[in-house]
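Novice: Structure for this input, please:
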Amino acid sequence: MNGIKTKAARRSPFFARGALAVLGLAAVAATALWQSPARSAEDAVVIPPPAMDEKAASGTEKAIFAGGCFWGVQGVFQHVKGVSKAVSGYTGGSAENAVYEVVGTGRTGHAESVEITYDPSKVTYGQLLQVYFSVAHNPTQLNYQGPDSGTQYRSTIFAENAEQKKVAESYIAQLDKAKVFPKPIVTTLETGKTFYPAEDYHQDFLTLNPTYPYIVYNDLPKIENLKSLFPKLYSEKPVLVLASSKS
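Specialist: Numbering: from 1, shown residues only. Have a look, this model is predicted:
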């Protein structure tokens, strides 16, 4: 976890990324959290599937979602059947500023995001959106998720093409009309943005650091929610970035 800086905490600095590592209390805190009832900063919400979805296609496609810290978003989609790769990175800004310490200032235009490679014959774009809105993050939080705040943690769908944008727009309108969330969805849509992979130490972070306090509190419950709410989409074995890059 070298190089990981402390994140600004909206609720409590105790659960900010890196804070416990700096204090040297990670092991103690992790033990205490494991003994407490599991809960996350963003609770899962049961939502209907999208009324509109992408057309059937062959081969692989890509989707890019931003919803707070990329550790948890990546971890969720690494457990979705039909996903062959989920990479943490930065989208929305330029290549020269796509560096963790710089993105963390919130002034580069990037959002921490995850690029998902998937087989549309096994999981559709609409199903990925359903997981994104239901389990991966809270789409009603403007420029923050759980303990992390700033535009780099915004809720954004980076549509890869016109069809993805149309499906996402339709689904947001559908969910808002159904009032499945207590507040309106603030998720934005951006197009024509380039994805830049994050540093290696961010990849597979949830899987590699299951006792890290931030992961225990904020992200592991998301995996359990995915398993509970989407059992047909859930894969017990995650698809890992670093493992695939070394194979």
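
Novice: Next secondary structure element downstream of the longest helix seen in the chain?
Specialist: Across the chain, the longest stretch assigned as helix under DSSP state H is helix 162-178. Sequence-wise, the next helix or strand downstream of helix 162-178 (DSSP states H and E) is strand 188-191.

Novice: quick one: buried residues of whichever helix or strand comes after that next one?
Specialist: Moving toward the C-terminus from strand 188-191, the next helix or strand (DSSP H and E) is strand 195-197. Using 16 or more other C-beta atoms under 10 Å as the test for burial, strand 195-197 gives Phe195, Tyr196. The C-beta positions use only the backbone N, C-alpha and C, and glycine is treated the same way.

Novice: any residues touching whatever helix or strand comes next after strand 195-197, and which ones?
Specialist: On the C-terminal side of strand 195-197, the nearest following helix or strand under DSSP H and E is helix 205-208. Residues outside helix 205-208 that contact it (C-beta atoms under 8 Å, 6 or more residues apart in numbering): 71-72, 74-75, 78, 88, 212, 215, 219-220, 223, 238, 240.

Novice: The spatially most central residue of the chain: what's it in contact with?
Specialist: Central residue of the chain (C-alpha atoms, centre = their mean): Val73, 2.0 Å from the mean position. Contact analysis of Val73 by C-beta under 8 Å, 6+ apart lists Phe65, Ala66, Gly67, Ser88, Glu112, Ser113, Val114, Tyr132, Ala136, His137.

Novice: Which of these fall within strands?
Specialist: Among those, the members found in strands (DSSP state E) are Phe65, Ala66, Gly67, Ser88, Glu112, Ser113, Val114.

Novice: Good, we can wrap up now.
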